[in-house]
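Chemist: Just to be clear, the model below is a prediction. Sequence and coordinates:
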Amino acid sequence: MRCRHCGWPEQEPYEVVSRHVTSQGVIVYSRCACGRLQVRRHDRVVLQARTPTPGVAGPAAGCAAR
Ligand SMILES: [Zn+2]
């Protein structure tokens, strides 16, 4: 599988943000080359953000917030 945004292979995390050892195994938070966050467990992606910057994607959100 490759990232739909930047084409980076999802098996190779671009940047490991943090790593947590839980009762279910090691949870790794990683960031893609395009800035998208991934959560992976045992080298499998279990959660993936849809956009690189969630919450800032709205076209008029920036103007309305200020
Ligand atoms: Zn990407």
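Modeler: Done, it's in.
Chemist: from here on, contacts and neighbour counts on C-alpha atoms
Modeler: Noted.
Chemist: Okay, helices next: where are they in the protein?
Modeler: For the chain, applying DSSP state H gives helices covering 61-65.
Chemist: can you give me the strands in it?
Modeler: Per DSSP state E, the chain has strands spanning 15-22, 25-31, 37-41, 44-48. These are given in chain order.
Chemist: Make CSV out of those strands and add distance to the ion.
Modeler: Written out in CSV, the entries for these read as follows (distance: least, C-alpha to the ion, whole Å):
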stretch, distance to the ion
strand 15-22, 11
strand 25-31, 8
strand 37-41, 9
strand 44-48, 10
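Chemist: what's the most buried one of those?
Modeler: Taking mean count of other C-alpha atoms under 10 Å as the contact definition, the stretch among these with the greatest mean neighbour count is strand 37-41, which reaches a mean of 20.
Chemist: Just the C-alpha atoms of that one, please, in PDB.
Modeler: Below are the C-alpha coordinates for strand 37-41, written out as PDB (Å, rounded to 0.1, in the frame of the first residue of the first chain):
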ATOM      1  CA  LEU A  37      -0.300  10.600  10.800                       C
ATOM      2  CA  GLN A  38      -0.500   6.900  11.000                       C
ATOM      3  CA  VAL A  39      -0.900   4.500  14.000                       C
ATOM      4  CA  ARG A  40       0.500   1.100  13.500                       C
ATOM      5  CA  ARG A  41       0.700  -2.000  15.600                       C
END
